[in-house]
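K.L.:
below is the sequence, then the predicted model.
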Amino acid sequence: MPQIIENPYLGLGMPGMPHLRPRADASAVGALLAHCPRHAQTPLSTHPGLAALCGVETVHIKDERGRMGLGSFKALGAAFAIAHAAGAARGDGPWDKALQGRTYIAASAGNHGLSVAAGAALFGGRAVIYLSETVPETFAQRLRAKGADVVRRGATYEDSMDAAARDAATQGWALLSDSTWDGYTDLPMRVMEGYLQLADEAARQIPAPPTHILLQAGVGGMAAAVAAHARASWGDAPAIIVVEPDAAPALFDSIRAGALVTAEGPVSAMGRLDCKTPSLVALAGLAHDANRFVTLTEDEAASGVTRLADHGLATTPSGGAGLAALIAGLPGIGPDARVLAILSEGSETG
């Protein structure tokens, strides 16, 4: 069974955290995406068989596997931040030349890099993506196919982040991280704002407010954005549960410590969630909005993905981590529960 801690800072926020928290208003995102020919609402589906397996009333799944042809929710993040910059830079000129001469650099475990690459290409910019040694070469190939320059740096995601930040300063490139830290918040908060689109769609698609929301987290950007929107939409009622690998309990350990800490652990098969240091703004937001934090073992994630595939929901251990925690068994989620979860990426083999 997953390890769980209750959040003692719910509704209060963690002492010493910055006043900055994720935005909750999705209107600017929707207005900009309306101009994108690849934008379309992703489905919210109900799965009675999965609900029966988990012993709950309803399971609603927001399926991000087809988002803008990039295969994950990350398509909404960096691409929105870049589009926002293009809108500010283009004046009366064409959109596809708005960022000509500008280079965006980012570290990625795969999907964030695809969003940076697609966004830069759309508006005439260049993308340089740093990958750690643990990121599969299949992701590097997909990035190159989107026009990105791919560079391998470091053994871990944090190593590649550090290298990207150093080289951005040296080269004069725009660093576009999906994480935040002291002194670096503006662009990644735009990335987080992009994720509000999926939350806004789900709030309009779901027939009744959920009683529980399951949010998988790496650095925590998507989880914090969705949690902020959920509180703005539904108030205190839904229990928001954040799920991380037990090999990378960045948020879990930070909540337990009462301060931002870097977690320790081996490499996780939940690769896109294998982030040892949380985003500062995401931690501040989730400390205020989340009810509890959960860690998932490698075996629980693998078993959950197999069960999801049996129900026609092919994904990765990262993409199905929230649902895998539900399948593994979470105390306090009973037969009357209406669960909202996010299938955040497609299968790597599909």
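P.N.:
Structure's in. What do you need? Numbering: from 1, shown residues only.

K.L.:
show me where the stretch 201-350 of the chain dips below the pLDDT cut-off.
P.N.:
Along the stretch 201-350 of the chain, segments meeting pLDDT under 70 span 348-350.

K.L.:
strands along that one, start to end?
P.N.:
212-216, 239-245, 292-296, 338-343 (DSSP state E, counting those that start in this stretch).

K.L.:
got a markdown table for those strands, with mean neighbour count too?
P.N.:
C-beta coordinates here come from the backbone N, C-alpha and C atoms, glycine included. Listed next are the strands of the stretch 201-350 of the chain as a markdown table, based on neighbours: other C-beta atoms under 10 Å:
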| stretch | mean neighbour count |
| --- | --- |
| strand 212-216 | 27 |
| strand 239-245 | 28 |
| strand 292-296 | 24 |
| strand 338-343 | 26 |
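
K.L.:
redo those strands as a markdown table? Include distance to Ala81.
P.N.:
Shown next, in a markdown table, are the strands of the stretch 201-350 of the chain (distance: least, C-beta to C-beta, whole Å):
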| stretch | distance to Ala81 |
| --- | --- |
| strand 212-216 | 21 |
| strand 239-245 | 23 |
| strand 292-296 | 27 |
| strand 338-343 | 20 |
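
K.L.:
right, and those strands - which one's nearest Met270?
P.N.:
Closest to Met270 of the strands of the stretch 201-350 of the chain is strand 239-245 (C-beta to C-beta; 4.4 Å).

K.L.:
with just CA atoms, put that closest one into CSV.
P.N.:
What follows is strand 239-245, C-alpha atoms only, in CSV (Å, rounded to 0.1, in the frame of the first residue of the first chain):
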residue,chain,number,x,y,z
ALA,A,239,-9.6,15.9,-1.3
ILE,A,240,-6.5,16.5,-3.4
ILE,A,241,-4.0,13.8,-3.3
VAL,A,242,-0.4,14.2,-4.8
VAL,A,243,1.4,11.0,-5.9
GLU,A,244,5.1,10.7,-6.4
PRO,A,245,7.6,7.8,-6.8
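
K.L.:
outside of it, which residues touch it?
P.N.:
The list of residues contacting strand 239-245 from outside it, by C-beta atoms under 8 Å, 6 or more residues apart in numbering, reads 2, 211-218, 220, 223, 227, 230-231, 250-252, 265, 268, 270, 273-274, 286, 289-296, 298, 301, 321-322, 324-325, 330, 332.

K.L.:
before we move on, the earlier item: so which of the strands of the stretch 201-350 of the chain is nearest Pro43?
P.N.:
Nearest to Pro43 among these is strand 338-343; the distance by C-beta to C-beta comes to 9.8 Å.

K.L.:
hang on, the earlier thing: out of the strands of the stretch 201-350 of the chain, which gets nearest to Gly93?
P.N.:
Within the strands of the stretch 201-350 of the chain, the stretch nearest Gly93 is strand 338-343; the backing value is 36.8 Å (C-beta to C-beta).

K.L.:
now the angle from that closest one to strand 239-245?
P.N.:
30 degrees (axes from the mean of the first three to the mean of the last three C-alpha atoms, to 10 degrees).

K.L.:
packing partners of strand 338-343?
P.N.:
strand 58-63, strand 212-216, helix 321-328 (3 or more C-beta pairs under 8 Å, 6 or more residues apart in numbering; DSSP states H and E).

K.L.:
and that strand with strand 58-63, angle?
P.N.:
Following the same axes, to 10 degrees, one obtains 20 degrees for the angle between strand 338-343 and strand 58-63.

K.L.:
strands paired with strand 338-343, and their directions?
P.N.:
With DSSP bridges as the test, strand 338-343 is paired with strand 58-63 (parallel), strand 212-216 (parallel).

K.L.:
OK, contacts around Pro266?
P.N.:
Counting by C-beta under 8 Å, 6+ apart, Pro266 touches Ala247.

K.L.:
the protein: helices as residue ranges?
P.N.:
For the chain, the helices defined by DSSP state H cover 27-33, 48-54, 77-89, 111-122, 137-145, 157-171, 186-194, 196-205, 221-234, 250-257, 280-289, 298-310, 321-328.

K.L.:
wait, which of the strands of the stretch 201-350 of the chain is closest to Asp63?
P.N.:
Minimum separation from Asp63 across those (C-beta to C-beta) falls at strand 338-343, 4.8 Å.

K.L.:
isn't Val294 up against Gln3?
P.N.:
Yes. Look at Val294 against Gln3 with C-beta atoms under 8 Å: they come within range, at 6.8 Å.

K.L.:
shared neighbours, these two?
P.N.:
Both Val294 and Gln3 are contacted by Phe252, under the criterion C-beta under 8 Å, 6+ apart.

K.L.:
hang on, the earlier thing: list only those of the contacts of strand 239-245 flagged as buried.
P.N.:
Among the contacts of strand 239-245, the ones that count as buried by 16 or more other C-beta atoms under 10 Å are 2, 211-218, 220, 223, 227, 230-231, 250-252, 268, 270, 273-274, 286, 289-296, 298, 301, 321-322, 324-325, 330.

K.L.:
and for the residue nearest the centre of the chain, nearest residue in space, chain neighbours not counted?
P.N.:
The centroid of the chain falls nearest to Met222 when counting by C-alpha atoms, centre = their mean (3.5 Å). Among residues not flanking Met222 along the chain, Tyr195 sits closest, at 4.7 Å (C-beta to C-beta, 6 or more residues apart in numbering).

K.L.:
ok, Pro329 - how many residues close by?
P.N.:
Let me fix one detail, which is that residue 329 is Gly and not Pro. Other residues within reach of Gly329, judged by other C-beta atoms under 10 Å, total 12.

K.L.:
which ones are touching it?
P.N.:
Gly329 is in contact with 1-2, counting by C-beta under 8 Å, 6+ apart.
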